[in-house]
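A.B. asks: Got a predicted structure here, sequence first:
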Amino acid sequence: MLFVAQIDWTLLAEGQPWAIIHHMTRTRLLIRYMFWGLLVAAAVWTGVLAGHLVPIDLRREALLLCLVIVVGLLNMSNVINRVMTRIEDRLWFARHGDRLERLIEALAVVHDQATLQTLLAHRLPQIMGISSVGLYLRTTGSDLALVESVGLDSASPIPHSLPLDGQLAAYLTGRRDLLPHSALQCALADASLTAEERAWVAQENGYSWLPLNSRDALQGVLVMGRRPGRRPFTNEERHFMQVLAHQAGITAQTTQLTAEVRERHKELAAIKQKLLDAGEQERRRLARDLHDGAVQHLLGISYQLALLPQTSPQGIDPQTLKLIRQEILDVVSQLRAHIGELRPAGLEEVGLAATLTGYVARLQHNLEERGPEISLDIDPDLPTLSANVALCLFRVAQEGLRNALRHAEAAHIAARLWAEQDHVLLTVRDDGKGFQAPARLSELGAENHFGLIDMSERVAQVGGSFAIQSAPGQGTTLTIRVPIQREGKDSDPTDPDRNR
């Protein structure tokens with residue numbers, strides 16, 4: 001009878017009779033028993049004393065008064081129990097306050113998701129006496145992923161993800177208070193929900209939702225089950241949860257950014273290694289071409305010169321000299337071609353426009369009728385550029401045309417170079433087979449698009465932007481936008497550049 005106001009009789013109907021006792025800790029039970037025991041003992045002793053000290057003719061009235069006091073206290077048991085609950089909660093919070101503060105301090109210095117999960121899904125429930133918890137955190141995709149689940153009812157499985165663009169996430173975004181499940185059900189009763197959201201909303205009442213927001217952006221949500229005896233959260237606990245949610249939201253965003261930075265570093269390291277490997281392969285190719293081409297030609301010329309005294313004792317045959325001279329010219333052409341790959345000939349002397357025009361003409365001549373048609377459109381009013389910008393644009397155009405010739409299987413390739421306000425723009429467009437352009441340029445390394453990576457890095461070095469537009473069957477367009485750097489700015493003053 002002493003605890004009628006505190007017992008949740010629905011637990012009996014759910015087949016959980018021991019939950020009636022377990023809903024209060026041993027400390028709370030001890031406090032309640034001591035209080036009511038002292039109260040009953042005081043009433044009994046009052047009656048006994050009244051029987052000895054009060055005159056005989058007033059004893060009946062005294063006993064009746066004691067009985068009225070006892071009945072009145074029993075009728076006020078609900079009020080007394082609520083007051084005692086508040087006192088117990090304050091005592092509990094005072095006892096565990098240091099642990100809660102340390103938990104928040106620990107959240108402030110966390111930089112990895114594993115530690116964050118441990119603090120929110122294990123340490124917090126241990127302090128707060130929460131038996132079950134589910135932690136959702138923002139991932140690199142467009143969903144909140146269930147990263148930790150402890151003690152949730154397996155009879156009604158919970159979703160492993162929640163859409164960030166759904167109605168549930170929209171309702172939780174920007175909120176910092178601890179939300180009861182009933183409030184969430186009422187707010188989303190008429191909303192258009194996804195299957196994952198409906199699975200959560202359809203759960204029985206009793207859960208509490210703690211949104212983890214940072215800068216009004218939802219970073220995660222902590223779903224907590226019932227506390228023992230379905231004891232509600234006190235005002236002090238709710239205030240603590242609000243502070244914790246704010247810090248946890250910031251930490252969740254920080255851990256995600258840290259993980260993304262680490263992933264980018266790994267990608268860049270892998271790309272760097274692949275670029276080094278590609279550079280080494282290019283050097284090997286150049287050495288092989290020189291050995292199999294120019295060196296062999298020179299050895300052949302040397303051999304022919306050594307045989308001249310034997311084959312022409314009467315004098316050197318003019319036709320033989322002509323053949324030797326032609327082979328020497330072929331070697332010179334090969335060496336010039338290799339030198340042109342290392343350093344564009346004429347760029348510093350005649351300028352970007354003339355050098356690029358000559359390069360495209362040579363490409364078209366070498367292709368004859370076997371390759372695609374290549375067109376070049378250069379703005380006649382192209383301003384004079386610094387040497388580093390001119391070299392960057394030439395190299396990017398060169399690599400873009402090479403890629404189109406090697407991989408695009410195009411019928412037409414068009415390059416255009418023009419000035420627009422304080423920028424120079426270059427586009428290389430083909431009507432070939434195209435490819436699936438990645439969302440980030442850092443992903444190009446995974447597909448071995450090292451030429452595109454080299455172009456993007458060159459453009460970035462002069463403060464420009466590099467964009468790829470491509471799709472399977474729709475060709476490819478490279479767009480380079482570089483700020484104009486006039487001659488003499490960021491260039492070698494002893495090595496002037498003339499671009500026109």
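C.D. replies: Nice, I can see it.
A.B. asks: all contacts plus neighbour counts: C-alpha atoms, from now on.
C.D. replies: Noted.
A.B. asks: And the protein, split by domain according to the record?
C.D. replies: 4-75, 112-260, 349-500 (automatic domain parsing).
A.B. asks: among those, which is nearest residue 293?
C.D. replies: domain 349-500 (17.5 Å; Cα to Cα).
A.B. asks: Give me the mean pLDDT for the closest one.
C.D. replies: Domain 349-500 shows a mean pLDDT of 82.
A.B. asks: Pull the number of nearby residues for residue 105.
C.D. replies: Residues near residue 105, counting by other Cα atoms under 10 Å, number 13.
A.B. asks: now the helices: where do they sit in the stretch 201-350 of the chain?
C.D. replies: Using DSSP state H, counting those that start in this stretch, the helices found in the stretch 201-350 of the chain span residues 235-290, 296-311, 318-342, 347-350.
A.B. asks: Quick one: distance of the longest one to the chain centre.
C.D. replies: The chain centre lies 9 Å from the centre of helix 235-290; the measure is Cα atoms, centre = their mean, to the nearest Å.
A.B. asks: for the third one, same thing?
C.D. replies: Computed by Cα atoms, centre = their mean, the separation of helix 318-342 from the middle of its chain amounts to 55 Å.
A.B. asks: so which of the helices of the stretch 201-350 of the chain gets nearest residue 368?
C.D. replies: helix 318-342 (17.6 Å).
A.B. asks: I'd like to know which elements that closest one is packed against.
C.D. replies: Packed against helix 318-342 by the contact rule (3 or more Cα pairs under 8 Å, 6 or more residues apart in numbering; DSSP states H and E) you find helix 296-311.
A.B. asks: any idea of the mean pLDDT in the helix it packs on?
C.D. replies: 73.
A.B. asks: and the helices of the stretch 201-350 of the chain as TSV, adding distance to residue 117 and mean neighbour count?
C.D. replies: Shown next, in TSV, are those (distance: least, Cα to Cα, whole Å; neighbours: other Cα atoms under 10 Å):
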stretch	distance to residue 117	mean neighbour count
helix 235-290	10	16
helix 296-311	67	13
helix 318-342	53	14
helix 347-350	59	17
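A.B. asks: could I get those as CSV with distance to residue 71?
C.D. replies: CSV is the format used below for those (distance: least, Cα to Cα, whole Å):
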stretch, distance to residue 71
helix 235-290, 32
helix 296-311, 118
helix 318-342, 103
helix 347-350, 106
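A.B. asks: Disregarding residues adjacent in the polypeptide, which is nearest to residue 151?
C.D. replies: residue 132 (4.3 Å; Cα to Cα, 6 or more residues apart in numbering).
A.B. asks: Let me see the confidence value for the one you found.
C.D. replies: pLDDT at residue 132 comes out at 87.
A.B. asks: List the residues that contact it.
C.D. replies: For residue 132, the contact set (Cα atoms under 8 Å, 6 or more residues apart in numbering) comprises 125, 149, 150, 151, 152, 224, 225, 226.
A.B. asks: Show me which pair in those residues is furthest apart.
C.D. replies: Longest span within these, Cα to Cα: 149 and 226, 14.5 Å.
A.B. asks: what about the stretch 151-300 of the chain, any weak spots by pLDDT?
C.D. replies: Flagging of the stretch 151-300 of the chain using pLDDT under 70 yields the residue ranges 153-156, 205, 228-230, 275-276, 278-280.
A.B. asks: do that again at 80, thanks
C.D. replies: The stretch 151-300 of the chain contains residues with pLDDT under 80 at 152-157, 204-206, 226-236, 267-300.
A.B. asks: all helices of the stretch 1-150 of the chain, in order?
C.D. replies: For the stretch 1-150 of the chain, the helices defined by DSSP H, counting those that start in this stretch cover 10-13, 19-22, 26-53, 56-75, 77-108, 113-118, 124-128.
A.B. asks: Counting neighbours, which bits of the last one end up buried?
C.D. replies: Along helix 124-128, these residues count as buried under the neighbour rule (16 or more other Cα atoms under 10 Å): 124, 125.
A.B. asks: residues making contact with it?
C.D. replies: Contacts of helix 124-128 (Cα under 8 Å, 6+ apart): 96, 99, 100, 103, 131, 132, 133.
A.B. asks: what about residue 478, which SS state?
C.D. replies: On the three-state scheme (DSSP: H, G, I helix; E, B strand; the rest coil), residue 478 is labelled strand.
A.B. asks: which element is residue 389 on?
C.D. replies: helix 387-403 (DSSP states H and E).
A.B. asks: Run the chain-centre distance for that helix.
C.D. replies: 33 Å.
A.B. asks: Could you export that helix as PDB, keeping only the C-alpha atoms?
C.D. replies: Taking Å, rounded to 0.1, in the frame of the first residue of the first chain, the C-alpha atoms of helix 387-403 are listed here in PDB:
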ATOM      1  CA  ALA A 387      55.200  32.200 -69.100                       C
ATOM      2  CA  ASN A 388      53.800  29.800 -66.500                       C
ATOM      3  CA  VAL A 389      50.200  30.400 -67.600                       C
ATOM      4  CA  ALA A 390      51.100  30.000 -71.300                       C
ATOM      5  CA  LEU A 391      53.000  26.800 -70.500                       C
ATOM      6  CA  CYS A 392      50.100  25.500 -68.400                       C
ATOM      7  CA  LEU A 393      47.500  26.100 -71.100                       C
ATOM      8  CA  PHE A 394      49.700  24.500 -73.800                       C
ATOM      9  CA  ARG A 395      50.300  21.400 -71.700                       C
ATOM     10  CA  VAL A 396      46.600  21.100 -70.900                       C
ATOM     11  CA  ALA A 397      45.600  21.500 -74.500                       C
ATOM     12  CA  GLN A 398      48.300  19.000 -75.500                       C
ATOM     13  CA  GLU A 399      47.200  16.400 -73.000                       C
ATOM     14  CA  GLY A 400      43.500  17.000 -73.700                       C
ATOM     15  CA  LEU A 401      44.000  16.400 -77.500                       C
ATOM     16  CA  ARG A 402      46.100  13.300 -76.800                       C
ATOM     17  CA  ASN A 403      43.500  11.800 -74.500                       C
END
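A.B. asks: Skipping adjacent residues, who's closest to residue 434 in space?
C.D. replies: residue 475 (4.2 Å).
A.B. asks: Which residues are in contact with the one you found?
C.D. replies: 408, 410, 429, 430, 431, 432, 433, 434, 435.
A.B. asks: With residue 399 instead?
C.D. replies: 451, 455.
A.B. asks: what does the one 4 residues further on give?
C.D. replies: Applying Cα under 8 Å, 6+ apart, one finds that residue 403 lies in contact with residue 451.
A.B. asks: about what we covered before: pull up the gap between the residue nearest to residue 434 and residue 367, please.
C.D. replies: Distance, residue 475 to residue 367, by Cα to Cα, to the nearest Å: 20 Å.
A.B. asks: Check residue 415 too.
C.D. replies: For residue 415 relative to residue 367 (Cα to Cα), the value is 17 Å.
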